Structure formats: C-alpha cells, structure tokens
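J.: Everything below, folded, please.
(chains A, B, C and D)
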Number of protein chains: 4
Amino acid sequence: MSDSKRPLVISAPEPRTLDLIFTPSARKIFGDRYEIFEVEAVQVDRLPDAILEQARYIVGQPPLSRQTLEKMRSLRCIFNVESNLFNNMPYEFLFERGIHVVTTGAVFAEPVAELGLALALNLARGIVDSDIDFRAGKELWGGDGNRKARLLSGSDVGIIGFGDLGKALNRVLSGFRTRIKVFDPWMPPSILIEHGVQPASLSEVLSQSDFVFVVASVTSENEGFLGKDAFASMRPGAAFILLSRAGVVDFPALMETVRSGHIVAASDVFPEEPLARDHPVRSLPGFLRSAHRAGALDIAFTRMGDMVLEDMDLVDRGLPPMRSKRAERETVSRMRSKPVDKN
Amino acid sequence: MSDSKRPLVISAPEPRTLDLIFTPSARKIFGDRYEIFEVEAVQVDRLPDAILEQARYIVGQPPLSRQTLEKMRSLRCIFNVESNLFNNMPYEFLFERGIHVVTTGAVFAEPVAELGLALALNLARGIVDSDIDFRAGKELWGGDGNRKARLLSGSDVGIIGFGDLGKALNRVLSGFRTRIKVFDPWMPPSILIEHGVQPASLSEVLSQSDFVFVVASVTSENEGFLGKDAFASMRPGAAFILLSRAGVVDFPALMETVRSGHIVAASDVFPEEPLARDHPVRSLPGFLRSAHRAGALDIAFTRMGDMVLEDMDLVDRGLPPMRSKRAERETVSRMRSKPVDKN
Amino acid sequence: MSDSKRPLVISAPEPRTLDLIFTPSARKIFGDRYEIFEVEAVQVDRLPDAILEQARYIVGQPPLSRQTLEKMRSLRCIFNVESNLFNNMPYEFLFERGIHVVTTGAVFAEPVAELGLALALNLARGIVDSDIDFRAGKELWGGDGNRKARLLSGSDVGIIGFGDLGKALNRVLSGFRTRIKVFDPWMPPSILIEHGVQPASLSEVLSQSDFVFVVASVTSENEGFLGKDAFASMRPGAAFILLSRAGVVDFPALMETVRSGHIVAASDVFPEEPLARDHPVRSLPGFLRSAHRAGALDIAFTRMGDMVLEDMDLVDRGLPPMRSKRAERETVSRMRSKPVDKN
Amino acid sequence: MSDSKRPLVISAPEPRTLDLIFTPSARKIFGDRYEIFEVEAVQVDRLPDAILEQARYIVGQPPLSRQTLEKMRSLRCIFNVESNLFNNMPYEFLFERGIHVVTTGAVFAEPVAELGLALALNLARGIVDSDIDFRAGKELWGGDGNRKARLLSGSDVGIIGFGDLGKALNRVLSGFRTRIKVFDPWMPPSILIEHGVQPASLSEVLSQSDFVFVVASVTSENEGFLGKDAFASMRPGAAFILLSRAGVVDFPALMETVRSGHIVAASDVFPEEPLARDHPVRSLPGFLRSAHRAGALDIAFTRMGDMVLEDMDLVDRGLPPMRSKRAERETVSRMRSKPVDKN
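T.: The predicted structure is shown next:
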C-alpha cells in the first residue's frame, strides 16, 4: 500500500474527527510519525487486505468482523475515542490475540469534576436565582439573601462511583476539608482508603451526606437504582448532583423529591437529550439544569489526541498502553451507555 | 456591682447581636463563664464607674473616650465583632496600655473563598445563562453550549491581597493544579512562597492570569487603584472576580471593559449598596452579580462567638489572644472600610 | 474432591507461607471463604485432575506446564506472592485464556519509600557517624558538627523509575517542597505531570539533583546502566540512594565515586547477598549500608494476604482484579529480577 | 553622626555574627540600604546620644537600660537573632512605646523537623545499629533484621507543642497518612483543627501514640513536666523524640524507661551541653543521640538575615514586621530558655 516505514493507522474516529481530538501541533506529530488511512467507520470491514494486514492501530470504534480481524495481523491496539464501548466487534477474539482496546474517556473527568463542584456550590449559595433577582432589581442583600446558604467546607460529602470521575471530584474537593464517603462496589476498600476517602454502603452515602455526587456509569446492574426511597433517605436540604448518566436514577422520583422541598438537585444529564420543550424539569424550583455540557470541552477532546500519541509511543516500543483505559474481558459486556451522537 | 467571681464583659456588639454570633450552646458557655453586662454601644461611655473598673472585656466596638478607658483598669481586650475598625476610640492609648483590640473578620474568609471559587467556575462555564436558557427551552447541548467554556484546572490564577481571604482562596484552589501569582505589598515574599504561591507585581498578576481574584481591603493608599488601564492589560477573555470592597476598583471602567467583551467579571460588592434599581450593571452581559452575600452566612457569625470564647480563655489565663486578629498600631489608621449597616 | 461449595484455591506460596502473608484474622476469612489445598510448588503439576479442574485460584508461583493448565478449566487468577516473575509457566497461553497473573509486590512500596527517605535524611545530616561519635565521647556540638549538613526541604530531587515505589517516594516527599524530576522511559510524561513531578532525561536527573533515588527494576535493557560517567555527572556532594536492585548499577564504579568524595551514597541492595565478610563497601566512608531490609516488614507481608482477599472477592464476582498488579504480555519477558530466597 | 540618608542600624548580634546570618549577597543589600554601626553588645548602653537618637533598628539582644531606650527616639524594632529572650531590657517600656522586639527562631523549625523525622525513622528501622553491624560483618539480612521494624505511615503520632516547630513537623509528616494528636495548652483547639491535627490532652498524646515528638519550649510552668509516670503511660515500644529543650523532661526517668525496654528514644538536647564523657546516655541501648545539631545549619542562620531584611523593609514602609516572631507582653517573662553559647 505504501513503502513508507511509518506504521499504518486506520482512522475512523466517528463521531469525533481528527480535527476535534488533535491540536494542530499534535495532528502534525501524528502525521509525521504514522501513515494515516482515513475511512468511514462502516467501510473498515471492506478495506483491501493489504491495508488490513499492515495496520498497527485503529483510531475509532468501527464495526469489525472476526474475518476482518483475522486479516489484521499487525494490529496492536484499537483507540476507541468515542469512549463508550459498543457491542460491534468480537472482544473475546481481540483479548485472546492480545490486541488492546482502549478508551479515552478519562479526559472528561476533570471538566466534569469542575462542573460538578460548581453545581454543588451553586446549590449551596443560590447563585443562579440570586443573579436573576439582581437583574430584576429584586435582590436581597447580605444575610437576608443567605437564609438557606451553607458551606461546602467541612461538610459531609458522598460520592457514588469512584472511577476517573470520582477520583477527579475527590481532587477538586481536596481544599475543602470535607469528610468523603464513597460507594463503589467494583472498587476494593483499601484503594478508597488510600485515596483518603471512606468506603461506605449506598445507604450510608445517601443518608449521611450534605452533598451527594453521582458519577457511576450505567451498567446492566444499576439501571435506575436510585429511586424514591433513596431520595427520601437523604438529609433534609441535602444536595444531589447527577453527573454521569440519567439512566442510574428514577428521574420522576428525583423531580418529585425536589418538588417536595426535601432535597435540592442539579443534573447535567436527562432521560432524553435533547429534552422535550415542555418537560417539567425546566421550571422546577430547587433544580439546577445543565445541558450535558459537563465534559464536552475543546480541551478535553484535544487531550484525547495527546493520550493516543503517548500510548502509541509506548506500544510502538513494545510496551503496554498506560494513558488510556483498557477494556476488560470481565466488564466489557456489562456497560450499557448509549452512544453519543454529538461531541 | 456584683459579688460574682465571674469576669465581667461589657456587651455592645452592634450591628451584631449575641444571638447572631453565638450558637445557643456557645451562648450558654459565655453566660456561665462570664458576667455579661448588655448595653447599647453609645451608652458605654456613660456606664457607672463600678462597672467600667471591673470589666475585663468589651464585645463590640462602642465609641470610647480616653476618660472612660482610664477608668477601665481591668480591661484586657476589646473584641470588635463588626470587624471593620472605626476611628472611635483612642487606639494609641489602648496600645500603650497593652489592651488588645481584636477583630473577628477571619470568619468570613472561608465563605467568601467558596463564593469566589463558585463565581469563577460560573464565569468559566456559563452556568447562569445556561440554566436561564434551559428554563426557556433554548439550551444548547454538549459542545455546542461550550464554545467559550474553559477549565480552572491548570490555569494561571492571580490573587490581589493575601490576608485571611487570599489564604482561604489559595486553600480552596489547592485541588486545581493552578499556578498562582499574588500581589500583596504588605506581605514579605518569603511568606507567599511558603504558601506555595508566587510573589508578583500588580501588572504581572493582571496581565498573566486567566482568573484574577481581588480580595484586598481598601486602604488610604489603594482606593480605586484598579482602573481602565489595569483592565485593559488583562488577557482577552480573562475573568475578574471582585470579593472585597468596591472601593478598590473604578467600577465604571470595569463595566466598560466587560461591555467591550475584553474580559468577563463577577462581583459581590458594589459602589452603593443597595444599588439603584436602574443601575446599568444589572443588565450587563458578561457580568455576574452577587448582592454582598459572600460572607454573611449564619455559620460565619456563630464562628465569631467561638473565636471570642477561645480568645477569652487564653486571655483569662494570661496569654495573648491568638484566634482573632489584632489591630496593629501601624495599620489601624490606614483602613478605610465603610461600616456595615446590616449583617 | 469435596462437596463443599467454596471455591478451591491451590496454595503453594513458596518462599512465603500462609502464616507470613495472612494475619490470623485474614487467614480465618481465607479459610472460611475458600477451600484451601496446600501443596509444595513442585507438586502442582502432578496434582490429580479432579483438583486441577476445580481450582479457581493459585496462590504462589509454581512451575506450570501447558498440559497442566489445559486441565485447569476453572482457573481465573494466579496470585504470585513472591512478586518477581519467573519464566516457569506459559504466559502466552495464560494471557490467551484470560487467566490473570498478578503480583503483590506493591506492598513493599511504602516500607521501601520510608527507608529511602530515612537513608537520604541520614546522609544529609550524618546521623550514624554522629551517634557513633557520641558513644565514643567525640561528638561535635551544634554547628561544629553540621559543616556538611543540609536540608532536604526545598532541594532538587531525582527519581529513577516511577512505578509503585517511585510513587510512594513522591508521597513521603510531599511535605518537603522539593522539585522532583523523574526519569522513567516506560511512563508517559503526562502521567508524571499529573503526579506533580517533572519528566526528565536520565542525564538531567543525574546532573541536576541533590538527592537521586533509584527505584527502577532491572530489565533486560537496563542492567548496569548507571556507571562511572553517570556518577561523575552528579552534583558534588549529592546523595545517591539505591533501593531497587544492585543490578542496575556498576557497583565498583559507585564505590569508587563515593571514595573520591564526589558523592555520598546509601544502598539497601548489593551485588551478592549476603555479602562477603571482607567486601570493601563495609568500611567505605560516605556510604550507608542497609542489608536488604527496606521492604521485608511483617506488615508488608500481611498486606499481601489482604490484597489476595480483596482481589479474590472481585474475581469471584466476575470483576477483574484491581489491588494486585497484573503481569503484562509485553513486559513479562523483560523482567530479570533474581528470585528472593528469603522473606 | 552621619549625613547619610540611610536609616541607622546598631548591630550587636552576639553570639551570632553578621557573616553567619547574612549570605554575601544579603549582606551587601543590608549595607546598601542601611548604615550599620557595629558594636559589642555590652557597649550599646554607652553609645553616644547622637547614635542612639538616630538608630531605627537594633540587630541583636544587647542589655538595654530604660535611660538608653528613652534616648532612642527613632527606634522601631529590635531584631533578636539569638532568638531566646533574656531578661536584659525593660520590655514593658518597649511595649508601651510600640517598639517591636522580634525573634528569628522560626528559621530552625524546618531543620529541626527534618532531623526529628529522621530520628523517628531511625528508631523505627534501627538504621544506626544496622549500619554498625554491617561494618562489623554481623548484619542480619531482610526480614531477619526487621523483627522490630515498623512503619511511620499510618501510625498514631503525638506532638507536644505546636509553635513553629510543631507546625513544621506536621508539614514533613504530611505524606505519611498519620493520625496526629497535639497537646498545646497555649493554642486554641480550632487552630489545631485547621492544621488537620486533633487537639488532645497530654495524657492522650502520651498513651495513644506510636511516636511522640516533644517540641515545646521550656517555660516557668512546664519544667520537667514529662517524668516517670508520663513515660510509663506510653505504648510499649513507642518512640519518644525530644527536640526542644532537655529542661522539659526528667532525663534520668527517660533513660530509665528506655533501659527497661518499655520505649525507645532519641534526643537532640541534653541536661548539660557538652555532656560529661562518662554520662550513661552515651552507651544506652535503645537511645539515639544527636549533639544539639537539629537546628544549627548554615542555611538556617542565613535565613535569619533574610527575615531581618524582609521585616526591615516592612517597618521602613510604616508596616508591622510579619516575618519574625514578636515578643509578647504576656509571655516574655515566662520563657526560661538558657542562652546558647555557640551557634
């Protein structure tokens, strides 16, 4: 296909684009180091054998048949930059062959954690309503406006899920002297303790926190696991901040609990996105809304490209990838996230 | 006046009240340990000699004449819980006599720092406008809504003033891996370095930061020191967050620079408070408004009472107060803050 | 073999013992949850088929033939508690089958880091010679004894290798405001930056540090890579602390550089262990000796058992192990550590 | 005396010298900014009026009569670089006049904390005896030599005294995940809590710690306050590290408790210094000796000069000194430290 000595990369990063995930300078390094073969995802299975045989990497998550993979004798790693894992390639066969499938979703951890903290502080201090009142000349000054205000510093915080996102939240909370309880059944307690947080049951996290952050992925096991009873068990006036997937909560029950005044809430994710114009959450007092903007920052996307370059460099040298996150035999089939259809 | 063995405290905490600055349980300890003589501030000068002679402490900032103080032979410490220093007592004479005058304003540092961080994150992520759009069904989803969004993590931060407030800001920023430059001409550089921040000139702080926080008090020397040129020197798109006193900035120049689109801003303080109904800042895009609510939280006020109790305990035992902040001979006359007229 | 429903574990932990790696209470949990079949390592290959077929785990690193493994249809994970990887089982076949091989060597990171810091502080302050002089009545008091003394705080530190050990060192150094440079060719620079250290070349680490810690494993590529020129390039008076394996340095060259007075050094590892009675390092001034005691603390060994229990719990539930470290296809063949023959 | 416009400094820094406390470059700045009048401490009282009248600063702690001070109408600050306060000047009169007396002893905090940590780690790991055995060819390898070894990480630590030294210790311990209890009756509990340590009684600190650090100054109230019962109340095998003044402990009782095997100990200070050649502590097993070398590092002394320059700069500008520590009316008479007679 080419007499270049540069390793061959098949690029099919939909719904991302190379321009989204690489800064111009990283894009240049990518092109200098590798021969890039750009193709639509659905075309990968039909590429000529000569290309399939030579390709060392795939950037993207194209549908791949076992027959195609059998031809790809040079393939070492698939960089899934969508970051959710679809059931569109024979993972068992990839694992047997020792071909890594890695995702770059960790880039979203920092932006999401910052937005999560911002939403929590907004709930604690009523910033949105305060500014709206100010615009209208109805603002309350000083202590008069702070009847419900409270501090994050020194409070009890609960985190549900302690993957990249939970760890990033723990980091941005480090200046607040909070006591953090974490529920994550996939994580050994000693790792939580090493991160300075306290392992806890779900019910402890819910009932003993002033701020509860949900950063757990949806799996086949936890769909809708936070419902009416969970919200009822929270401290009166506590704040519930939903950052991962709407699928883990019973959304109507959440809205109802906020409407009752028992808790306040903020969410970056919704049962349907975009959301119906007349959805009642739009006008629900005590609920702060963010339109799935927590992670989708330009800087997060360009960090994907940096990750890809760093890990290709390791794999080129015969080392395992370290920067991206590997799909695991055990968990690949449990993930149930919906594909993103926009960046 | 009393045959009690409890030390006598003259209480004239206006505009605070004992119920504001003490939790019920702290109020009880206060009453158990001390004999409390409650009086209006303007009456202190006219109290009977027997009371003046016995009083060990004053809680409040009443006008005090030299004659009155000469009678107060047992006086050890004045706890100014208003926290700004007025020119209504002969400080030189107090200093000569070794009577401490202490303020409890440090209680506001943590609430102000949290609000400051919240305002910065709001500017970075457009949270208020995003929620307003969402209520109206006009929200932009994902990356479409994040065209101007950016991270605080890893950014360049400038802090002007490094007293209690600046230090509290530095603390809540500790999880964000920012590079922090500080301008504070009253602070030796080595102390800044020990706090992990970089001493810098005012112009470096302004021109090399993505987020500039102003937490400097107004003094006779810095009124209006941040004007048109200062704002023009800031990075395009940078965020300016004003948390201390409106007096340190040229407010019209600040508004003009925001209106031009060069920077965005947030402020908790305004040239007049309350502000005229038709003040143009109310409708200024790119400007986030908070009605002097940064510090005035219940928990801040009740911490004042805790401070008073801890320092009285030290002074009772012949030790200097450590929890409150002492007025200093050198700087007492330089402070120019306006009295607060509400809590 | 048994009608118990408890999963079967083949236990062959040589040179460890179950009593070494489990506290009594952890040992009890282990026995309650699993059926333990204890056997000498060399006997595993000859166990009856019924046992091989049922075993879910192996604790130890017994020699295993492909034939044996083919019978072990229930095997999910081998817990190598020796922690070095020998070439005594068909790793490729294990990887193909998705059987995890994990090591528990991370338990040594904290004890080794503490000893490493202690050795560095000893070199900086001359503590050993100072106490020896004191015993002999020849001590120098105060500044007279501190002619060569210096601080770790604020100094330039170099770390070679940033695995578990390097990270633990970085952690115990966190209170010292040091500037840390790290050389680790297996680690992407961005991960180093996330840990707050500066990625650097080997020559930068050597020539720009006041303290150099070596915590790199021996691989097929780095045997003896620190030699005469490396030591000569260090700052005069700098301290070299060797904590991982003697194989990474040219030991005679290290001794020679210390003898010349150019650097001082400490080592926990030696070319032969135990060392000849007349080895010249025993009397070398400027050299601090520790007899391979950095990691071998009781508490480290019992943490191995805790790791094993936590990871078995994950694997029992169909999740991948997280607490132990997985052997990697790419690197398993590169490791060249000698087996330990004592705990 | 001089027509120079530079402010006049009387320099009488015994037992320090200007060359000890200033680096060459700082010494040059000092000379460029100020007119330096060097004199023996005992001569200051006899200086000509013209000099006394003009002097803005004194560097040192000369004996000063009230008559002399009455002439010193320009005096603003006395920089006591010995750092203990002697009873050789009329402090009341200085305080009345608003003349600051400051000490520079904080420079020793970091060196002392590092040595304190080193001594603790030495006791925990037996480093001195281990190296002595190694020199003699009698070393025990690996776990055989670690029968009594233990970790600092995760242990219970007690600190007695939480001034500059206690805070510096807390800082160097920050990477060890210890639980720290502090006893300091001069310090409000809330300040301790802000530093992340737990306020505790003396008996809690002694009886619930694995490592006890003593960094309290001797006062009129605490001489010998740690005696036989105190040591007996410690955990078996705990380590006692004495860093401040021998006067706070009953030294024979400490030695006796170490000899009994109940605790191990290290000390940088002794009842007499230098110590008798035949003092039994010289040969006491379980006791690690350091000849008052904890603080006296060159870098500590030159930081004194930096402090002096930074604070003179503040005072020149009409601000209070911030870098050095002010003598306090309440406590100046309580301090009982012996003068140092060597640097």
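J.: looking at this, A:I180 is in a helix?
T.: No - per DSSP: H, G, I helix; E, B strand; the rest coil, A:I180 lies outside any helix segment and is strand.
J.: Show the pLDDT at it.
T.: What the model reports as pLDDT for A:I180 is 98.
J.: what does A:N222 give?
T.: Note on A:N222: pLDDT of 84.
J.: quick one, what contacts the residue nearest to it when sequence neighbours are not counted?
T.: In space, and not counting its chain neighbours, A:N222 is closest to A:V248: 5.7 Å by CB to CB, 6 or more residues apart in numbering or on different chains. Heads up, the C-betas are built off the backbone N, CA and C, glycines and all. Contact analysis of A:V248 by CB atoms under 8 Å, 6 or more residues apart in numbering or on different chains lists A:V214, A:A216, A:V218, A:N222, A:E223, A:G224, A:F225, A:L226, A:L242.
J.: again with A:L309
T.: Neighbour list for A:L309: A:A26, A:I29, A:F30, A:R33 [criterion: CB under 8 Å, 6+ apart].
J.: A:A266 falls within a helix, correct?
T.: No - per three-state DSSP, A:A266 lies outside any helix segment and is strand.
J.: is it in a bridge, and if so with what?
T.: Beta bridges link A:A266 to A:I241, A:L288 when assigned by DSSP bridges.
J.: surely it meets A:A294?
T.: No - counting by CB atoms under 8 Å, A:A266 stays clear of A:A294, with 10.4 Å between them.
J.: The two: which has the busier surroundings?
T.: Legend: neighbour count by other CB atoms under 10 Å in any protein chain shown for A:A266 and A:A294, higher for A:A294 (29 against 26).
J.: got the residues of the stretch 201-343 of chain A near chain C?
T.: Proximity of the stretch 201-343 of chain A to chain C is confined to A:306-307, A:310-311, A:313-314, A:318-320, A:322-323, A:328-331 under the rule CB under 8 Å from any CB of the partner chain.
J.: can you tell me which of the residues you listed lies nearest to chain B?
T.: Nearest to chain B among those is A:D306, at 13.0 Å by CB to the nearest CB.
J.: so that closest one makes contact with C:P189?
T.: No - the pair A:D306 and C:P189 fails to qualify as a contact (CB under 8 Å) at a distance of 9.7 Å.
J.: Helices of the stretch 151-300 of chain A, residue ranges please.
T.: Counting by DSSP state H, counting those that start in this stretch, the stretch 151-300 of chain A has helices at residues A:164-172, A:189-194, A:202-207, A:228-232, A:251-259, A:298-316.
J.: One more: the stretch 1-150 of chain A?
T.: Using DSSP H, counting those that start in this stretch, the helices of the stretch 1-150 of chain A run over A:18-21, A:24-33, A:49-54, A:66-71, A:91-97, A:109-125, A:127-135.
J.: So for chain C, which of those helices sits nearest?
T.: It is, among the helices of the stretch 1-150 of chain A and with distance given as CB to the nearest CB, helix A:91-97, at 5.0 Å.
J.: and the closest one with chain C, contact?
T.: Yes - for helix A:91-97, a contact with chain C is found by CB under 8 Å from any CB, at A:F95, A:E96.
J.: now swap in stretch A:11-21 and tell me
T.: No - using CB under 8 Å from any CB, stretch A:11-21 never reaches chain C; the gap is at least 14.9 Å.
J.: So which bits of that stretch are buried?
T.: A:S11, A:A12, A:P13, A:R16, A:L18, A:L20, A:I21 (16 or more other CB atoms under 10 Å in any protein chain shown).
J.: what's the pLDDT at the residue nearest to A:N222?
T.: A:V248 is assigned 95 on the pLDDT scale.
J.: So which residues on chain A come close to chain D?
T.: Residues of chain A lying near chain D (CB under 8 Å from any CB): A:R177, A:G196.
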